[in-house]
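**Q** can't give you the sequence, but here's the structure:
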């Protein structure tokens, strides 16, 4: 099973650290998103089923992330950006797709 690359680990860890410092009402991420961030940041193996769910989330959330970035927002002041970083950040989607393709060829 694949393990997330360092750039995804850093994005997830950054989002977790920022989230921890935010007041409760400004915190982002669902229980699933927090579990995924910890899985990524810890370098745990990621199953094909999880990769498929990651792709689904990253595709759904990509537009909200892009809109927030275009407004100059950051993970400190945008739940959309913070949540997206929990899942590995903007470079995660191509990596996830590549891993899915590799695993499905087996």
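**A** That came through fine. Computed from a predicted model, the values in this text were never measured in an experiment.

**Q** from here on, just use CA atoms for contacts and neighbour counts.
**A** OK.

**Q** for whichever helix in the chain runs longest, packing partners?
**A** Taking DSSP state H as the criterion, the chain has its longest helix at helix 48-70. Contact here means 3 or more Cα pairs under 8 Å, 6 or more residues apart in numbering; DSSP states H and E; on that basis helix 48-70 packs against helix 79-86, helix 92-105.

**Q** tell me which of those is the most buried.
**A** Scoring the helices and strands packed on helix 48-70 by mean neighbour count under mean count of other Cα atoms under 10 Å gives helix 79-86 as the most buried, with a mean of 26.

**Q** average pLDDT across that helix?
**A** Model confidence over helix 79-86, given as mean pLDDT, is 98.

**Q** now do the contacts for residue 28.
**A** Residue 28 sits next to 19, 79, 80, 82, 83 when contact means Cα atoms under 8 Å, 6 or more residues apart in numbering.

**Q** of those residues, just say which sits nearest to residue 30.
**A** Nearest to residue 30 among those: residue 83, at 8.3 Å, using Cα to Cα.
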